[in-house]
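Participant: Just need the structure, nothing else, for what follows:
(chains A and B)
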Amino acid sequence: GDSVTQMEGPVTLSEEACLTINCTYTATGYPSLFWYVQYPGEGLQLLLKATKADDKGSNKGFEATYRKETTSFHLEKGSVQVSDSAVYFCALFLGAQKLVFGQGTRLTINP
Amino acid sequence: DTAVSQTPKYLVTQMGNDKSIKCEQNLGHDTMYWYKQDSKKFLKIMFSYNNKELIINETVPNRFSPKSPDKAHLNLHINSLELGDSAVYFCASSQGTGGGYNEQFFGPGTRLTVL
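Facilitator: Residues are numbered from 1 along each chain as shown, chains lettered A, B, ... in the order given. I've put the predicted structure just below:
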């Protein structure tokens, strides 16, 4: 079945460090791909998305490129801030309005 | 101007009780969802309703019964609560019926603790 696998957390970085959170997927068709972010005590918010191969989603300095050949959608940011501390979820959408989420990666940024 | 709201925010109850969680969205969306997030943060869809019709039921025990009185509301009733039901429950909504172009907006979550 359709699934999403994220790199295991937690991830701890210093402020201004580079970030990569790996995400790979398995799907029978051509899904749309998403990154959601969950700040402490809050619900999920859409961070960025890509709907077809080679699309790049970007928002708030974060980027992710839809790589069909490697079935990946890795999240990257060049310089993280303390305010980026949150749990990040990779997700795919493949019809029937059903989002399939990865297990989440907790990111902590130290000043 | 809350987009997706849930009540209550916290719910602590005894095993065997029946409880309800309410969800309302003021975005004019026609599709609503319930998700369960377990203690390890794993998030999984439970139900989806489109225009008050059930379209997704992900093998959830029949102790869980969603009810959609109108497009703006999707409530979740849980009978005979068990310890394993302890989790954070998220409501979400979106416009449209597919294609991945329609962002799902999430509520703040309801933390259910069963003692």
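Participant: How about the contacts made by the one residue sitting closest to the centre of chain B?
Facilitator: Centroid-nearest residue in chain B, with CA atoms, centre = their mean: B:Trp34, separated by 2.8 Å. Counting by CB atoms under 8 Å, 6 or more residues apart in numbering or on different chains, B:Trp34 makes contact with B:Cys23, B:Ile45, B:Met46, B:Phe47, B:Pro66, B:Leu74, B:Leu76, B:Tyr89, B:Phe90, B:Cys91, B:Ala92. C-beta here means a position set from N, CA and C on the backbone, and glycine is covered the same way.
Participant: go again using 6 Å as the cut-off
Facilitator: B:Met46, B:Phe47, B:Leu76, B:Cys91 (CB atoms under 6 Å, 6 or more residues apart in numbering or on different chains).
Participant: got it, and A:Val37?
Facilitator: Counted by CB under 6 Å, 6+ apart, A:Val37 has contacts A:Gln45, A:Leu47, A:Ala86, A:Tyr88.
Participant: My assumption is that it lies in a helix; please confirm.
Facilitator: No. Assigned with DSSP: H, G, I helix; E, B strand; the rest coil, A:Val37 falls outside any helix and is strand.
Participant: which residues does it bridge with?
Facilitator: Here A:Val37 sits in beta bridges with A:Gln45, A:Tyr88, as judged by DSSP bridges.
Participant: Can you read off the pLDDT for it?
Facilitator: pLDDT, A:Val37: 96.
Participant: Which residues of chain B lie near chain A?
Facilitator: Within chain B, the residues that sit near chain A (CB under 6 Å from any CB of the partner chain) are B:31, B:41-43, B:45, B:48, B:56, B:90, B:98, B:100, B:103, B:106-109.
Participant: Now with 7 Å, please.
Facilitator: Neighbours of chain A within chain B, by CB under 7 Å from any CB of the partner chain: B:31, B:41-43, B:45, B:48, B:55-56, B:90, B:94, B:97-98, B:100-101, B:103-104, B:106-109.
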